[in-house]
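>>> coords below, sequence missing:
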Ligand code: NAP
């Protein structure tokens with residue numbers, strides 16, 4: 001099956017922070033891949049903007065280098081790259097000063113789609129929004145894309161929403177969460193709402209529990225001091241894991257429309273129960289000989305007294321009819337055994353087993369893998385083949401997209417490129433609405449405040465492990481087990 005490429009209208013896309021790390025690793029290589037797919041119409045322009053002084057050619061050399069590093073070799077011949085670079089421009093602007101803004105105003109066209117990607121520190125979002133307005137650059141249909149973190153608590157998120165709202169309407173604001181741009185995540189909605197098979201089972205009567213895991217093998221490394229002000233709850237749970245939870249738990253929207261989908265997600269966040277200390281395990285990776293001599297978290301954070309978590313596991317409950325009694329176990333951490341993100345929907349036992357083979361029996365699990373190898377697997381029980389009586393065995397029904405699409409997987413668009421194209425098309429379905437972000441902070445704030453007030457210290461865990469021992473207990477005491485973290 002060949003994936004269809006839907007054309008988009010010509011655009012001017014300005015990347016504030018065009019010379020930064022995110023632009024270099026994700027945004028610019030992603031745009032090149034969309035160009036290869038035919039989604040950068042002829043007159044479109046990609047305009048890098050940052051304080052650094054350089055001309056178009058200087059920025060083109062930067063872009064070419066980024067593509068050389070982050071796009072696979074087979075996809076970058078000199079001629080195609082030269083054509084792509086013909087779309088690339090650069091303007092020097094300071095978000096906090098007035099220099100360069102008139103140049104940008106002169107460059108921008110009013111009769112094409114305008115998008116402004118704020119790939120700069122969040123403290124600059126307000127300055128950018130205000131200048132885009134004051135220099136009469138942004139049209140009424142222009143879109144702005146804002147990166148995470150969107151605030152560090154409810155108050156700061158509210159203030160940021162209010163600042164952006166001074167110059168842009170909610171329909172112009174695209175708060176990016178790249179987890180929502182993953183093929184699998186969107187497929188989750190297709191599987192749930194385009195099939196009759198799953199929805200009747202998608203509730204507390206048939207789902208025993210859900211596990212959401214986002215495991216990383218890297219530590220906080222060079223950005224330890226920055227990360228230390230955030231921690232796993234703010235950096236990962238409040239946004240990515242809660243968004244995944246919403247997509248699993250939400251009711252069917254009345255149609256696949258941005259506000260209808262986001263209304264349903266918001267209801268899930270509002271239905272989250274408060275949780276107490278017994279439902280949370282926080283951890284910090286250790287260093288020393290068992291870590292191969294690598295630094296511990298507190299060394300990376302450059303604060304020997306740091307109580308910030310590099311790992312967190314939570315038991316979350318949703319107070320509504322559909323999910324009463326079905327726990328959602330969430331965990332995320334750094335320096336874990338493998339880089340793996342998975343949502344596992346674990347179904348209940350059959351009401352009565354007619355088979356003697358209890359050992360072979362396993363519950364049905366729908367596993368939704370976000371990385372690596374995006375795809376879904378449904379485990380079902382069958383009879384072990386061959387003579388020797390009725391022994392049961394588990395087989396996976398594999399819904400791997402790469403195979404289903406007849407591709408090697410590398411052609412599945414990266415989350416960033418897919419989301420950027422959604423911005424150009426004006427589709428906000430996969431972007432967080434302001435009220436969703438605020439509701440998520442309203443739930444996480446008191447949890448964080450409570451552990452800070454108690455002075456809780458995170459538990460140590462060894463790099464390369466599955467996290468702190470106590471996290472195992474979170475499920476053991478409910479008679480359950482975490483799934484293995486593996487690539
Ligand atoms: P970065 O590498 O530090 O780059 C920052 C960019 O902003 C540079 O191009 C810089 O160029 C420009 N800049 C700084 N001050 C400016 C000003 N006053 N006016 C105009 N431009 C200015 O940062 P990054 O890692 O790319 O991150 C960008 C944003 O994405 C942040 O909000 C971050 O939280 C978010 N994010 C990043 C990642 C990632 O993997 N890197 C992942 C998720 C989210 P000049 O110094 O020349 O101005």
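Sure thing, it's come through. Keep in mind that this is a model prediction, so the values were computed, not measured. Numbering: from 1, shown residues only.

>>> which residues does the residue in the stretch 351-487 of the chain that the ligand sits nearest to contact?
Closest residue of the stretch 351-487 of the chain to the ligand, CB to the nearest ligand atom: residue 416 (9.6 Å). C-beta here means a position set from N, CA and C on the backbone, and glycine is covered the same way. By CB atoms under 8 Å, 6 or more residues apart in numbering, the contact list for residue 416 reads 26, 27, 30, 178, 181.

>>> filter those by proximity to the ligand?
Applying CB under 6 Å from any ligand atom, the subset of the contacts of residue 416 adjacent to the ligand is empty.

>>> Would you point out the most distant pair within the residues you listed?
Spanning the widest gap among those are 27 and 181, at 12.2 Å by CB to CB.

>>> Between those two, which is the more surrounded one?
For residue 27 versus residue 181, the count of surrounding residues by other CB atoms under 10 Å is larger for residue 27: 26 against 22.

>>> how about that one, secondary structure?
With DSSP: H, G, I helix; E, B strand; the rest coil as the basis, residue 27 sits in helix.

>>> Ok, residue 482 next?
coil.

>>> quick one: which helix or strand includes the residue of the stretch 351-487 of the chain closest to the ligand?
Mapping residue 416 onto the secondary structure by DSSP states H and E places it in helix 415-425.

>>> next SSE after that helix?
Once the chain leaves helix 415-425, the next helix or strand it forms, by DSSP H and E, is helix 434-454.

>>> and after that next one, which helix or strand comes next?
Remark: after helix 434-454, the chain's next helix or strand is strand 459-461, criterion DSSP H and E.

>>> what's the following helix or strand past that next one in contact with?
Downstream of strand 459-461, the first helix or strand assigned by DSSP H and E is helix 469-476. Residues from elsewhere that reach helix 469-476 (CB under 8 Å, 6+ apart): 279, 281, 283, 311, 313, 315, 329, 331, 459, 461, 466, 481-482.

>>> Off-centre distance for helix 469-476?
25 Å (CA atoms, centre = their mean, to the nearest Å).

>>> pull the helix or strand with minimum mean pLDDT from this structure.
In the chain, no helix or strand scores lower on mean pLDDT, DSSP states H and E than helix 401-404, which sits at a mean of 61.

>>> Find the residue at the geometric middle of the chain.
residue 179 (2.2 Å; CA atoms, centre = their mean).

>>> How much space separates that one from residue 455?
32 Å (CB to CB, to the nearest Å).

>>> what mean pLDDT does stretch 122-139 have?
In this model, stretch 122-139 has a mean pLDDT of 96.

>>> Quick one: the strands in the stretch 201-350 of the chain, in order.
All strands of the stretch 201-350 of the chain, identified by DSSP state E, counting those that start in this stretch, fall at 207-215, 280-285, 311-316, 328-333, 340-347.

>>> Output those in TSV; the columns should cover mean pLDDT.
Below are the strands of the stretch 201-350 of the chain laid out as TSV (pLDDT from 0 to 100):
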stretch	mean pLDDT
strand 207-215	98
strand 280-285	98
strand 311-316	98
strand 328-333	98
strand 340-347	96
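
>>> Out of those strands, which gets nearest to the ligand?
Ranking those by proximity to the ligand (CB to the nearest ligand atom) places strand 207-215 first, at 13.7 Å.

>>> How far does that closest one sit from its chain's centre?
With CA atoms, centre = their mean as the basis, strand 207-215 stands 16 Å off its chain's centre.

>>> For the residue of the chain at minimum distance from the ligand, give me its contacts.
Taking CB to the nearest ligand atom, the ligand has its nearest neighbour within the chain at residue 20, 2.3 Å off. By CB under 8 Å, 6+ apart, the contact set of residue 20 is 50, 119, 120.
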